[in-house]
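*Asks:* sequence and computational prediction follow.
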Amino acid sequence: MIIKTDKDTIETYLTDASNIKGSSSTVIIPENKEELIEIIKDLFNKNQNYIISAAGTGLTGGKVPEFDVIISIEKLNQILDIDKQRNIVRVEPGVTLNQLEELLSSYDLFLPPNPTEKNSTLGGNVANNASGSRSFKYGPIRNYVEGIEIILGNGHILKLQRGKVFANGNNLNLKTEENDSLKIEFQEIHTPKTKHSGGYFLKSDMDAIDLFIGSEGTLGVISEISLAVIKKPEKILGLLIFFLSVDNLMDFTDLIRKNSIINNKTSIEINNEIAARLIEFFDENSLKLLRSKYHQIPEDSIGAIWIEQEYTEANENEILEKWFEIISKYTPFADLTWVATNEKEHSNFIDFRHQLPLTVNEIISKNGMRKIGTDTAVPIHHFREYFFYLKEALKEIQMDFVIFGHIGDCHLHANIFPKNNAELQKALDFYEKIMQKAINLNGTVSAEHGIGKIKKKYLKQMIGEHGITAMKKVKNILDPKNLLGRGNLFD
Ligand SMILES: Cc1cc2nc3c(=O)[nH]c(=O)nc-3n(C[C@H](O)[C@H](O)[C@H](O)COP(=O)(O)OP(=O)(O)OC[C@H]3O[C@@H](n4cnc5c(N)ncnc54)[C@H](O)[C@@H]3O)c2cc1C
């Protein structure tokens, strides 16, 4: 194992993409699972708090230490095996999405949810129940976790396979590899019926594996993950559609969302009808930012929708006709729609999508301030109210912003770029307002980024004090000395 105590090296482990900064005097880097267990046992015996650090792309301060020892899983980065019969891939937690996608692509397979940040690790993705653009059709990463191995606070190993251990009502009985019996009597937590990544999954009769997905490094260290992956579709259609009116864009989105939900009957079925696997939004400001690099964006466009649909060569014309029939009813720019049907064209679309966070980051670093970004989602029937509330609130503060994201899931990111401290305060007030609105509309304060250290207050408002108490009770059984992931989810 590698132990680092020099200040300069430690400095690089103290923050994540949220830009909040913590303190620590030690980073320990296990080089294999046996060392990870040894480190955890040692910290347990010394009553020493610790935090797990992965790629640090988190946006909520989850890996930021509060004077804890940092365990970095950067060297646990091996893809262990791939079962080509069952399409299951087994990985160490430090494997990145980039690494996995490269391997899967050579087998014509893919991991469906598609989180944007490809440098993030699968351990981090599972710890946060990550989602992505394709979660509209395929759901969050939770749906693909077939097995996990967790090292508990005392260094004992818990192995769970999906479909094998269930709660009996609100009672879970877990058995470690060392034969410890852990009896957990829990209270159910009612979470929003939107895409959601905030707090423990606690439901009657639940599969035990779900408790650990999204637990943000507070219940144990994920040391191995088995993921279900699926065969790539024969063909994918990509369309980037530009609009002249917000109402038309919203009506179009409602229609294709509704059709896609009906037609995507099973997650892996290919369909002859309108059945998008992703529906993504770019607002007018996003297009303005991107226009300097992409001159072909129509001048008057107030927003764009990017869709992808899986299909077969045989039904290409039929599918294209169906899409264009609808598109031409909602926008005068139908002829200017960008179309992607081959790999090169799709990679141009992906570059276009990636240019947005890159351009946003350029502005933020030029301003020398932090970005304020929302990750809220609301139920479909409240989406319009939420969208126009968001736009109005942004108009009021008169600052630079973009809105983009997963409109199919009623999940948008509003990013604001303050130029000075006064603007930062205004942006924080706006953030507070939007969180309250999402909670009031029975939405979530975190659809995919987790709670970490910066959204604890809102999690409590969303699930109530009893929800927090229910989580703490579970944590006390699995981590009785309260050593792991201090400050994440709750105080
Ligand atoms: C530009 C950009 C785009 C993004 N897009 C998306 C997106 O589309 N979808 C999305 O969901 N997120 C997105 N994110 C957020 C981020 O990438 C995810 O939250 C990701 O899951 C974090 O992974 P990581 O490896 O960087 O984890 P870290 O940031 O290092 O850690 C995150 C949390 O997970 C815990 N953790 C990490 N590994 C383990 C482990 N092995 N065992 C137990 N706990 C562990 C840490 O303690 C911490 O609490 C984006 C971030 C950026 C900067």
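*Replies:* All right, it came through fine.
*Asks:* hmm, the worst-scoring helix or strand of the chain on mean pLDDT in reach of the ligand?
*Replies:* Ranked by mean pLDDT, DSSP states H and E, the helix or strand of the chain with the weakest confidence is helix 343-367, at a mean of 89. Yes - interface with the ligand: helix 343-367 contributes residue 357 (CB under 6 Å from any ligand atom). In short, each C-beta sits where N, CA and C put it, glycine included.
*Asks:* and residue 57, how many neighbours?
*Replies:* Using other CB atoms under 10 Å, residue 57 has 23 neighbouring residues.
*Asks:* do I have it right that it meets residue 16?
*Replies:* Yes - if you go by CB atoms under 8 Å, residue 57 and residue 16 touch, sitting 6.9 Å apart.
*Asks:* can you list the buried residues in stretch 409-425?
*Replies:* Neighbour counts over stretch 409-425 (16 or more other CB atoms under 10 Å) mark 409, 410, 411, 412, 413, 414, 415, 416, 417, 418, 423, 424 as buried.
*Asks:* what does this protein have sitting close to the ligand?
*Replies:* So the chain meets the ligand at 16-17, 51-59, 62-63, 73, 93, 115-117, 120-121, 123-125, 127-128, 130-132, 216-217, 221-222, 357, 448-450, 485, 488 (CB under 6 Å from any ligand atom).
*Asks:* and those, which are buried?
*Replies:* Neighbour counting with 16+ other CB under 10 Å marks 16-17, 51-59, 62-63, 73, 93, 115-117, 120-121, 123-125, 127-128, 130-132, 216-217, 221-222, 357, 448-450, 485, 488 as buried within these.
*Asks:* sitting in helices, which of those residues do you find?
*Replies:* If you go by DSSP state H, those have 123, 124, 125, 127, 357 in helices.
*Asks:* ok, now which ones touch the second one?
*Replies:* Yep, that's residue 124 we're talking about. If you count contacts by CB atoms under 8 Å, 6 or more residues apart in numbering, residue 124 has them with 54, 55, 57, 58, 63, 93, 130.
*Asks:* same question, the last one
*Replies:* Taking CB under 8 Å, 6+ apart as the criterion, residue 357 is in contact with residue 116.
*Asks:* okay, and the beta partners of residue 70?
*Replies:* Residue 70 forms beta bridges with residue 27, residue 51, as assigned by DSSP bridges.
*Asks:* that one contacts residue 27, doesn't it?
*Replies:* Yes - counting by CB under 8 Å, residue 70 does reach residue 27; the two are 4.5 Å apart.
*Asks:* how much space separates the residue nearest the centre of the chain from residue 467?
*Replies:* A centroid search over the chain (CA atoms, centre = their mean) returns residue 130, at 2.9 Å, as the residue closest to the centre. Using CB to CB, to the nearest Å, one gets 22 Å for the distance from residue 130 to residue 467.
*Asks:* how about the helices in the stretch 301-450 of the chain?
*Replies:* Using DSSP state H, counting those that start in this stretch, the helices of the stretch 301-450 of the chain run over residues 316-330, 343-367, 383-397, 421-440.
*Asks:* can I get those in JSON lines including distance to residue 463?
*Replies:* What follows is the helices of the stretch 301-450 of the chain, written out as JSON lines (distance: least, CB to CB, whole Å):
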{"stretch": "helix 316-330", "distance to residue 463": "38"}
{"stretch": "helix 343-367", "distance to residue 463": "29"}
{"stretch": "helix 383-397", "distance to residue 463": "19"}
{"stretch": "helix 421-440", "distance to residue 463": "10"}
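*Asks:* these: which one's closest to residue 294?
*Replies:* When those are compared for distance to residue 294 using CB to CB, the nearest one is helix 343-367, at 6.4 Å.
*Asks:* so, low pLDDT: which residues of the stretch 301-450 of the chain?
*Replies:* Judged against pLDDT under 70, the stretch 301-450 of the chain has no low-scoring part.
*Asks:* which residue does it bring closest to the ligand?
*Replies:* residue 448 (3.5 Å; CB to the nearest ligand atom).
*Asks:* and the stretch 201-350 of the chain, by the same measure?
*Replies:* Relative to the ligand, the nearest point of the stretch 201-350 of the chain is residue 217 (3.0 Å; CB to the nearest ligand atom).
*Asks:* that residue touches residue 63, doesn't it?
*Replies:* Yes - counting by CB under 8 Å, residue 217 does reach residue 63; the two are 7.5 Å apart.
*Asks:* for the stretch 201-350 of the chain, just list every one of the strands.
*Replies:* 221-228, 230-231, 235-243, 276-283, 303-311, 338-340 (DSSP state E, counting those that start in this stretch).
*Asks:* now those strands in CSV, with distance to residue 22?
*Replies:* Conversion of the strands of the stretch 201-350 of the chain to CSV gives the following (distance: least, CB to CB, whole Å):
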stretch, distance to residue 22
strand 221-228, 18
strand 230-231, 38
strand 235-243, 40
strand 276-283, 33
strand 303-311, 36
strand 338-340, 42
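*Asks:* just to revisit the earlier point, just the ones of the buried residues of stretch 409-425 in strands?
*Replies:* 411, 412, 413, 414, 415, 416 (DSSP state E).
*Asks:* where does the residue nearest to the centre of the chain land on pLDDT?
*Replies:* pLDDT recorded at residue 130 is 97.
*Asks:* that one against residue 122, yeah?
*Replies:* No - taking contacts as CB under 8 Å, residue 130 lies outside contact range of residue 122: 9.0 Å.
*Asks:* nearest spatial neighbour of residue 75, skipping sequence neighbours?
*Replies:* Leaving aside its chain neighbours, residue 75 sits nearest to residue 31 (5.0 Å; criterion: CB to CB, 6 or more residues apart in numbering).
*Asks:* list the contacts for the one you found?
*Replies:* 1, 2, 75.
*Asks:* surely residue 311 touches residue 263?
*Replies:* No - with contact defined as CB under 8 Å, residue 311 does not reach residue 263; the gap is 11.6 Å.
*Asks:* quick one: which of these two has more around it?
*Replies:* Legend: neighbour count by other CB under 10 Å for residue 311 and residue 263, higher for residue 311 (20 against 16).
*Asks:* if that one is in a bridge, with which residues?
*Replies:* Note on residue 311: beta-bridge partners residue 235, judged by DSSP bridges.
*Asks:* in contact with it, which residues?
*Replies:* Counting by CB under 8 Å, 6+ apart, residue 311 has contacts 233, 234, 235, 236, 237, 270, 271, 272, 319.
*Asks:* how many residues are close by the closest residue in space to residue 196 that isn't next to it in sequence?
*Replies:* In this structure, residue 196 finds its nearest non-sequential neighbour in residue 444, 4.5 Å apart by CB to CB, 6+ apart. Using other CB under 10 Å, residue 444 has 26 neighbouring residues.
*Asks:* ok, so what distance separates residue 444 from residue 174?
*Replies:* Residue 444 sits 27 Å away from residue 174, going by CB to CB.
*Asks:* do the same with residue 128
*Replies:* Residue 128 sits 22 Å away from residue 174, going by CB to CB.
*Asks:* one more: residue 399?
*Replies:* Here the criterion is CB to CB. By it, residue 399 lies 49 Å from residue 174.
*Asks:* now swap in residue 129 and tell me
*Replies:* 20 Å.
*Asks:* quick one: which of the two has more around it?
*Replies:* Neighbour count, other CB under 10 Å: between residue 129 and residue 174, residue 129 has more, with 26 against 19.
*Asks:* check the contact between residue 80 and residue 88; I expect there is one.
*Replies:* No - using CB under 8 Å as the test, residue 80 is too far from residue 88 to be in contact (10.8 Å).
*Asks:* tell me which residue in the stretch 101-250 of the chain sits closest to the ligand.
*Replies:* Closest point on the stretch 101-250 of the chain to the ligand, by CB to the nearest ligand atom, is residue 124, at 2.2 Å.
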